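Visitor: Got a sequence here, can you model it:
(chains A and B)
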Amino acid sequence: AQKVTQAQTEISVVEKEDVTLDCVYETRDTTYYLFWYKQPPSGELVFLIRRNSFDEQNEISGRYSWNFQKSTSSFNFTITASQVVDSAVYFCALSERADKLIFGTGTRLQVFP
Amino acid sequence: DGGITQSPKYLFRKEGQNVTLSCEQNLNHDAMYWYRQDPGQGLRLIYYSQIVNDFQKGDIAEGYSVSREKKESFPLTVTSAQKNPTAFYLCASSSRGTGAASPLHFGNGTRLTVT
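Guide: Prediction:
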């Protein structure tokens, strides 16, 4: 069975601090996809990144970076120099058969000025 | 601009009444989904549809029903059989490629309160 664990329920940081959101997944498939979504206070989930199981290269997009490690079944998300606008709930998700996503319970990030 | 529209944003109902949540998309996506979000539990899949006139149960389908008569519409009915209907409901859609999981596009959600 597939499962996504986000052990950090809530994280609080001060602006300009770096913060890492953890994601650990379980799957029996060799082909799968991992995602990160951001849910701001407005409620709509916004897609951030997708990574397939065959691509372990780390990804950097501006202040965002992702570290995918199959050896530890982790797909962690780091925000560098956090800003107040980064305050949101962040979800990690897993798809095995490309037809539905299983989400983690989310990590609420609060960035204080 | 293309997107997903959920209406209404807030919905209040008395216990024992059925209620239908609307979801419309103009992204020309084949697949549509309904998720339920509760505090501390993340998003759980209720129903999904990969093509018109076809849909499958998700992990928590009991007490819910859907229809997919048109590609752009995927309404969700919360029936009186759903024991804890108060929640935030999110509709999503995605294109269907050749096997790669496509990102979901989400609506703004409907917050349902049943008293």
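Visitor: hmm, which helix or strand of chain A has the shakiest average pLDDT?
Guide: strand A:59-61 (a mean of 86; mean pLDDT, DSSP states H and E).
Visitor: Now do the following helix or strand past it: everything it contacts.
Guide: Next helix or strand after strand A:59-61 toward the C-terminus (DSSP states H and E): strand A:64-69. Strand A:64-69 has contacts (CB atoms under 8 Å, 6 or more residues apart in numbering or on different chains) with A:34, A:36, A:48-49, A:51, A:55-60, A:74-80. The C-beta positions use only the backbone N, C-alpha and C, and glycine is treated the same way.
Visitor: Just the buried ones out of these, please.
Guide: The neighbour-count criterion (16 or more other CB atoms under 10 Å in any protein chain shown) marks A:34, A:36, A:48-49, A:51, A:74-79 among the contacts of strand A:64-69 as buried.
Visitor: Which residues are in contact with the residue lying closest to A:Asp22 once chain neighbours are set aside?
Guide: Leaving aside its sequence neighbours, A:Asp22 sits nearest to A:Asn76 (CB to CB, 6 or more residues apart in numbering or on different chains; 5.3 Å). Taking CB under 8 Å, 6+ apart as the criterion, A:Asn76 is in contact with A:20-23, A:66-67.
Visitor: 10 Å instead?
Guide: A:20-24, A:36, A:58, A:65-69, A:92 (CB atoms under 10 Å, 6 or more residues apart in numbering or on different chains).
Visitor: Looking at those residues, which one is closest to B:Thr5?
Guide: A:Trp36 (24.5 Å; CB to CB).
Visitor: Could you look up the SS state of the closest one?
Guide: strand (DSSP: H, G, I helix; E, B strand; the rest coil).
Visitor: Test my guess that it contacts A:Tyr25.
Guide: No - applying CB atoms under 10 Å as the test, A:Trp36 and A:Tyr25 come out as separate, 11.8 Å apart.
Visitor: Give me the common contacts of those two.
Guide: Common contact partners of A:Trp36 and A:Tyr25 (CB under 10 Å, 6+ apart): A:75, A:92-93, A:104.
Visitor: Over to A:Ser42: give its phi and psi.
Guide: phi -70, psi -20 (degrees, to the nearest 10).
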